[in-house]
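Novice: no letters, just coordinates:
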């Protein structure tokens, strides 16, 4: 048996039209999908893409796909699905790595990324470093050598939206209209990474989140921006193809209890009834 796990993402730090196409930088957090692959018959409770990935890995290593009939997949996940938290990427990336390990093989990040995008649009949580990624083709992979010390109060909405449904929408006009803002957000992000500056990171994420409102509206967005300003948080980020919002902060520096109270007082918790205090973590499949 072999095991692997991949983190969730609290939406994206930035996502939009960059370098001639849609790109993203995911925001890995300390929720995980853990997958194990062992000899045995397929089970009843796999998620659909997991079996597809297992077969894709066999093909990648030029092994008979019939071997899949004798491989069992089991998994545990703390990641809510269809909220923009990269649950599917975590599932398939962990499945790919667990399968490779069970076979005695290795997958580098580039091969893993190619396998994942062959199945579906993929978050950049599969990279150890924060990475600007073409999530549909894997053609762009620009990594940044910085692990921000950031906590995130993740605001979970009850609304669900599958990534596939989002990508079927006609988004081209809105993406192009926000291209200048996303170029600025990307430059701010690069500056933040170079200077190890969490405030600049928050500015970049907030700029991208504002642009995302033209594509996928988040309730109480203006009220959340006011709260960020009043409590001097780093900023906020959103799931550009989901329903969650992240408030970027430092639990040592910012008054988290006051933040919870303000969310309640302003009625924001009606649209985001569940809140989770998480930590940004390195990406990559463990």
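Specialist: Received the coordinates, thanks. Not measured: the values here are computed from a predicted model.

Novice: beta-bridge partners for residue 154, please?
Specialist: residue 246, residue 276 (DSSP bridges).

Novice: separation between it and residue 104?
Specialist: Distance, residue 154 to residue 104, by Cβ to Cβ, to the nearest Å: 38 Å. For the C-beta atoms, the positions are set from N, CA and C on the backbone; glycine is no exception.

Novice: got it, and residue 32?
Specialist: As judged by Cβ to Cβ, residue 32 and residue 104 stand 24 Å apart.

Novice: who has more neighbours out of the two?
Specialist: The neighbour comparison of residue 32 against residue 104 (other Cβ atoms under 10 Å) goes to residue 32, with 21 against 8.

Novice: isn't the more buried one right up against residue 5?
Specialist: Yes: shown here, residue 32 and residue 5 form a contact pair, counting by Cβ atoms under 8 Å, at 4.6 Å.

Novice: give me the common contacts of those two.
Specialist: Common contact partners of residue 32 and residue 5 (Cβ atoms under 8 Å, 6 or more residues apart in numbering): 90, 286.

Novice: all helices of this protein, in order?
Specialist: Ranges of helices within the chain are 48-60, 87-102, 109-117, 163-168, 172-177, 179-195, 198-212, 221-230, 256-265, based on DSSP state H.

Novice: point out the most buried one among these.
Specialist: helix 87-102 (a mean of 27; mean count of other Cβ atoms under 10 Å).

Novice: just give the closest residue to residue 200, not the sequence neighbours.
Specialist: Excluding the flanking residues, the one nearest residue 200 by Cβ to Cβ, 6 or more residues apart in numbering is residue 192, at 3.6 Å.

Novice: next up, the contacts around the one you found.
Specialist: 146, 148, 198-201, 203-204.

Novice: any chance of these in JSON lines, with pLDDT too?
Specialist: What follows is those, written out as JSON lines (pLDDT from 0 to 100):
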{"residue": "146", "pLDDT": "98"}
{"residue": "148", "pLDDT": "98"}
{"residue": "198", "pLDDT": "98"}
{"residue": "199", "pLDDT": "98"}
{"residue": "200", "pLDDT": "98"}
{"residue": "201", "pLDDT": "98"}
{"residue": "203", "pLDDT": "98"}
{"residue": "204", "pLDDT": "98"}
